[in-house]
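Visitor: I'll drop the sequence and a predicted model, then ask my questions.
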Amino acid sequence: AQKVTQAQTEISVVEKEDVTLDCVYETRDTTYYLFWYKQPPSGELVFLIRRNSFDEQNEISGRYSWNFQKSTSSFNFTITASQVVDSAVYFCALSEGYGGSQGNLIFGKGTKLSVKP
Amino acid sequence: NAGVMQNPRHLVRRRGQEARLRCSPMKGHSHVYWYRQLPEEGLKFMVYLQKENIIDESGMPKERFSAEFPKEGPSILRIQQVVRGDSAAYFCASSLLSQGAGNTEAFFGQGTRLTVV
C-alpha cells in the first residue's frame, strides 16, 4: 500500500537555526515521484520540488536542500538558516505510476514549522 | 498566465443545502484533480478528471458528491445536502499531462474553504 509518513507533527526553532523535516514513504512501484509542498498561514499550496525515483542526487535550492535515500525510503527536507517567513505547514507527497489514472498525489499529514524571531 | 483559479474562496452553507465549488485550470491544462483537506490533516485525493471524462473517482464519497469538467467552462465539485462533516478546504490542481506521466507538475489553486453551519 502507498503511504507517506511525516512523523514530526510540529517543530519550533529560533531564526537562523537549521531544521530538517522528515518524510518516509511506502510504495511497491519502481517508478514514482516525490514532492514537497509548503502551505503558509494564508492557506495556498506552494510547490517546492518534484523528484523521480531514478534520481537519487541530492538537490539544493538556496536555503533549501533535499536528501533522497531509496535505501531508507526517505525524502527529507532541510532548511538552512531558517527565517520567520519559513513558518508554514510542509507536506511531503508521493505519486505512483507512469501515465494513465495513477496520477493522484498521496500526502503526508504535514509538519507545522514555527520559526521564532 | 493566470494560475489555477478557485472560487469562491470561502463558502458558508447551512446543513442540507448544496455547495458548488469551481475550478478554472491553468491555460492549456486539461487534467484536473480535486483534493479535500480536513482540519489538521493532509490533503486527500478525491477525483481526477480530463475534459468531459472522469478518470479516477476512487477518493470520492459514494453519495452526495459529484464532479464534472465540461468541454467549456470550469470544473465543478458539487456537494448535495451538506453536513457538518463536509466542512473542509477543497483544493483543485491542474496539470498539462497526467501527474503520473513523468515530468509534469500539478499546480494548486488557493482552495475553497467550506463551512457548514
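Guide: Sure, I can see it. Because the structure is predicted, anything quoted here is derived from the model rather than measured.

Visitor: hey, what's residue 21 bridged with?
Guide: No chain was given, so I picked chain A. Legend: beta-bridge partners of A:Leu21 under DSSP bridges are A:Phe77.

Visitor: ah, no, chain B please
Guide: For B:Leu21, the beta-bridge partners are B:Leu77 (DSSP bridges).

Visitor: Does it touch B:Gly111 like I think?
Guide: No. Counting by C-beta atoms under 8 Å, B:Leu21 stays clear of B:Gly111, with 9.4 Å between them. From N, CA and C alone the C-beta is placed, and that goes for glycine too.

Visitor: and for those two, which residues touch both?
Guide: B:Gln6, B:Tyr90, B:Cys92 (C-beta atoms under 8 Å, 6 or more residues apart in numbering or on different chains).

Visitor: so what's the first one closest to, chain neighbours aside?
Guide: Distances taken as C-beta to C-beta, 6 or more residues apart in numbering or on different chains put B:Gly109 closest to B:Gln6, at 3.7 Å, once the chain neighbours are dropped.

Visitor: pLDDT value on residue 98, please?
Guide: No chain in the question, so chain A it is. With respect to pLDDT, A:Tyr98 scores 53.

Visitor: try again with chain B
Guide: 61.

Visitor: One more: B:Ala19?
Guide: Reported pLDDT for B:Ala19: 98.

Visitor: Surely it and B:Asp86 touch.
Guide: Yes. Counting by C-beta under 8 Å, B:Ala19 does reach B:Asp86; the two are 7.2 Å apart.

Visitor: joint contacts of those two?
Guide: B:Ile79, B:Leu114, B:Val116.

Visitor: Touching, the last one and B:Glu18? I think so.
Guide: No. Checked against C-beta under 8 Å, the pair B:Val116 and B:Glu18 is beyond contact range at 11.2 Å.

Visitor: Kindly format the C-alpha coordinates of stretch B:67-83 as CSV.
Guide: In CSV, the C-alpha atoms belonging to stretch B:67-83 read as follows (Å, rounded to 0.1, in the frame of the first residue of the first chain):
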residue,chain,number,x,y,z
ALA,B,67,-17.6,16.3,-10.1
GLU,B,68,-17.6,17.4,-13.7
PHE,B,69,-15.2,19.1,-16.1
PRO,B,70,-17.2,20.1,-19.2
LYS,B,71,-15.8,20.9,-22.6
GLU,B,72,-16.2,24.6,-21.9
GLY,B,73,-16.0,26.2,-18.6
PRO,B,74,-14.6,25.4,-15.2
SER,B,75,-14.6,22.1,-13.3
ILE,B,76,-17.3,21.9,-10.7
LEU,B,77,-17.3,19.9,-7.5
ARG,B,78,-20.9,19.6,-6.2
ILE,B,79,-21.8,18.5,-2.7
GLN,B,80,-25.5,18.0,-2.2
GLN,B,81,-27.3,18.1,1.2
VAL,B,82,-24.2,19.2,3.0
VAL,B,83,-23.5,18.1,6.6
